[in-house]
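# Dropping a prediction and its sequence here:
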Amino acid sequence: MDQQLVPHEHQVGGWHKGEKALLLRGKFGEILKPLKLNANSTYCKDRASAILADSGHNHQQNNEWLYESKKNISDRVVLNENGSIAKETHISNGSTGTTKKGSNYTNTDEDLAAATQDELGFYTSLQSCQVPICNTLKKLMPQYLGTSTCHVNDKEVLHLVLKDLTCGMQYPCVSDIKMGRTSQYPGRVKKTTQSKYIVQEELGFCLAGMKVVHPDTGDIIKHFEPDVGKKHNKQHVYEALGTLMQMGVSQRSNELTAAVLRYLNEIHEWFNKQRIFKLRSSSILITYDAKQFAGDIHTLPSNGVSTTNGVYSSSAAAEVCVTVKLIDFAHVFLAEGQPDENYIYGLENLIDIFNTKISSIKNRQQQLTCEEINK
């Protein structure tokens, strides 16, 4: 390992085949993520190129999806404003030509084509795209800063360089939420009938890892990685998300939950509009600095006031700072005009849970307010 680089101490996910893919912390607010080359083993350049082929003659930059493979071979697909495919989709017939899909053709996940060969291909493709739906996606992801080759265990390993979402935080809290009812690779024969995560098929997501610390001391309240997360049942998931939101610790838990919910709704809006990609084994990463809640113990202070909706607030309280981003794009497939229902199912369940948390917090704070008034 390069001497100036150290393992990222706040990594909670990023496991592959039972082993942690070690993230490195850069010196200037970036992380370095080891790149798994050829992650999409079913990737076929000819088929992806055929699907992305432009059947028209519109070459305006703001109306194209520019696709780049690792060899910098570019193809394109013309999109509508909402990101749906504006052309007739083509699929490869195994020869040098293409066969236009019939009007009765129905796309299934088993027939999805890999969009890129690996995560690097996805990031580089996205950088050159100016379609509005893709520009929005870039804002929902960590900033991509390029690549770097690092020496790890006497080997040269290519790494993606991304903005470190915990940079500058005193007491970082992090949660890696793996999205989708299944991570099954399209086109693969299913080896098992059950996900390795107990709740994944039911909830449409699972907690791959989490680290939560106390706002006053920085002491760890909860910390687990995928080997523990995969054993969580539904009740464990609910409790862990409550802990992540500092429920029972900070009086401002409701503000934190509401802030996360706003970001989740933005992500949901994007998924409902886009018809370009389907994501597998991708995650939502939630990060915030617990230090901003220092001193906000879970009691109603004498100078507290209750708003009209029953939520405690203080005029001195600063706006909650939290970051919610989409991460992990090694397995991206072309949606061919279809919504990513696998991802959306889990996202909507996650949003419902956070809405329930807010309702629970409001009810508790209304009770505390009444108790304070009646003293």
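Everything's here; your move.
# Assumed residue 216 was part of a strand.
No. If the criterion is DSSP: H, G, I helix; E, B strand; the rest coil, then residue 216 is coil and not within a strand.
# Verify the stated contact: it with residue 294.
Yes. Contact status for residue 216 versus residue 294: in contact at 5.3 Å, counting by Cβ atoms under 8 Å. Using the backbone N, CA and C atoms, a C-beta is placed for each residue, glycine as well.
# where in the protein is pLDDT low?
Along the chain, segments meeting pLDDT under 70 span 1-4, 12-20, 47-111, 185-196, 297-317, 361-375.
# what about the strands in the stretch 151-300 of the chain?
Counting by DSSP state E, counting those that start in this stretch, one finds strands in the stretch 151-300 of the chain at the ranges 155-163, 172-179, 205-213, 220-224, 277-280, 283-289.
# And for the first one, what's in contact with it?
To tie it back to what came earlier, the one meant is strand 155-163. 24, 26, 29-35, 37, 119-120, 123, 142-151 (Cβ atoms under 8 Å, 6 or more residues apart in numbering).
# List the buried residues of that strand.
For strand 155-163, burial by neighbour count (16 or more other Cβ atoms under 10 Å) applies to 157, 159, 160, 161, 162, 163.
# hmm, back to that, looking at the strands of the stretch 151-300 of the chain, which is closest to residue 249?
Among these, strand 220-224 comes nearest to residue 249, with 7.2 Å by Cβ to Cβ.
# Give me the angle between the closest one and strand 172-179.
Strand 220-224 runs at 30 degrees relative to strand 172-179, counting by axes from the mean of the first three to the mean of the last three Cα atoms, to 10 degrees.
# Output the contacting helices and strands for strand 220-224.
strand 205-213, helix 234-244 (3 or more Cβ pairs under 8 Å, 6 or more residues apart in numbering; DSSP states H and E).
# how about that strand: buried residues?
Neighbour counts using 16+ other Cβ under 10 Å place 221, 224 of strand 220-224 among the buried residues.
# Comparing the helices and strands packed on strand 220-224, which comes out most buried?
strand 205-213 (a mean of 25; mean count of other Cβ atoms under 10 Å).
# now for it, which elements pack on it?
strand 172-179, strand 220-224, helix 226-229, helix 234-244, helix 341-373.
# Distance to residue 266 for those - can I get that in JSON lines?
Shown next, in JSON lines, are these (distance: least, Cβ to Cβ, whole Å):
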{"stretch": "strand 172-179", "distance to residue 266": "15"}
{"stretch": "strand 220-224", "distance to residue 266": "26"}
{"stretch": "helix 226-229", "distance to residue 266": "25"}
{"stretch": "helix 234-244", "distance to residue 266": "19"}
{"stretch": "helix 341-373", "distance to residue 266": "11"}
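# Now do residue 177 against residue 323, distance only.
13 Å (Cβ to Cβ, to the nearest Å).
# any shared contact partners between those two?
What both residue 177 and residue 323 touch, as defined by Cβ under 8 Å, 6+ apart, is the set 285, 286.
# Which of those two has more residues huddled nearby?
residue 177 (26 against 18; other Cβ atoms under 10 Å).
# Only C-alpha atoms, please: export stretch 36-45 in CSV.
Extracted in CSV, the C-alpha atoms of stretch 36-45 (Å, rounded to 0.1, in the frame of the first residue of the first chain):
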residue,chain,number,x,y,z
LYS,A,36,-13.1,-4.6,-10.2
LEU,A,37,-12.2,-5.0,-13.9
ASN,A,38,-14.8,-6.6,-16.1
ALA,A,39,-17.4,-6.6,-13.4
ASN,A,40,-20.2,-7.2,-15.9
SER,A,41,-19.3,-10.7,-17.1
THR,A,42,-22.2,-10.7,-19.5
TYR,A,43,-21.2,-7.4,-21.1
CYS,A,44,-21.2,-7.6,-24.9
LYS,A,45,-20.0,-4.5,-26.7
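# Please name the spatially closest residue to residue 9 (chain neighbours excluded).
residue 25 (7.3 Å; Cβ to Cβ, 6 or more residues apart in numbering).
# dump the residue contacts of the one you found.
Applying Cβ under 8 Å, 6+ apart to residue 25 gives the contacts 5, 6, 7, 8, 9, 31, 32, 164.
# a markdown table for those, including secondary structure?
Formatted as a markdown table, the contacts of residue 25 follow (three-state DSSP):
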| residue | secondary structure |
| --- | --- |
| 5 | coil |
| 6 | strand |
| 7 | strand |
| 8 | coil |
| 9 | coil |
| 31 | strand |
| 32 | strand |
| 164 | coil |
